[in-house]
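Q: how does the following fold in three dimensions:
(one chain, ligands or ions: 1)
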Amino acid sequence: MQNDITFFARFEPDILAGRKTITIRDAAESHFQPGQRLRTGRYEDNGYFCTLEVISTTPVALNELNDEHARQENMTLAELRQVIAEIYPGLNELYVIAFKRIS
Ligand SMILES: CC(=O)Nc1ccn([C@@H]2O[C@H](CO)[C@@H](O)[C@H]2O)c(=O)n1
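A: Numbering: from 1, shown residues only. Model prediction:
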């Protein structure tokens with residue numbers, strides 16, 4: 001079965017352990033609705049690794065990212081800004097998807 005969302009494999013351990021509880025995406029992935037259950041896989045091999053339930057999807061501008069977002073990503077704010085600059089270069093309009101792991 002197809003996954004609904006994928007993460008880079010390096011984040012799998014943090015998601016499974018509940019250390020990473022948000023992801024920050026572009027408009028193409030801003031359609032997730034609260035309560036929606038997402039089959040979640042690895043970007044690299046599409047392997048399923050858990051099911052997440054969406055808590056909220058909230059627009060955020062790049063310059064509004066703060067230490068609370070970083071904490072929810074299990075990173076420092078500098079690390080988070082670096083990761084986003086690599087994945088979404090030049091993009092200012094982002095979306096915070098908060099989730100909990102349900103299986
Ligand atoms: C195809 C594609 O865009 N995949 C992505 C995009 C983002 N992310 C992670 O979300 C957070 C904020 O961006 C960081 O932890 C990112 O590494 C991810 O794992 N996989």
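Q: list the helices and strands the helix or strand containing I15 packs on?
A: In this assignment (DSSP states H and E), I15 forms part of helix 12-16. For helix 12-16, the elements it packs on are strand 48-61, judged by 3 or more CB pairs under 8 Å, 6 or more residues apart in numbering; DSSP states H and E. (Glycine included, C-beta is placed from N, CA and C.)
Q: thought P59 was touching I97?
A: No. With contacts counted by CB atoms under 8 Å, P59 stays clear of I97, the gap being 10.9 Å.
Q: beta partners of the residue nearest the centre of the chain?
A: Geometric centre of the chain, nearest residue: T23, 1.7 Å, by CA atoms, centre = their mean. Counting by DSSP bridges, T23 forms beta bridges with I97.
Q: ok, and for stretch 39-51, which residues are buried?
A: Residues of stretch 39-51 classed as buried: 40-42, 49-50 (neighbour count, 16 or more other CB atoms under 10 Å).
Q: sorry, wrong one. I was asking about stretch 76-96.
A: In stretch 76-96, counting by 16+ other CB under 10 Å, buried: 80-81, 84, 94-96.
Q: contacts with the ligand among those, please.
A: I84 (CB under 6 Å from any ligand atom).
Q: and the longest helix seen in the chain, what does it pack onto?
A: Counting residues, the longest helix in the chain under DSSP state H turns out to be helix 77-87. Judged by 3+ CB pairs under 8 Å, 6+ apart, helix 77-87 is in contact with helix 67-72.
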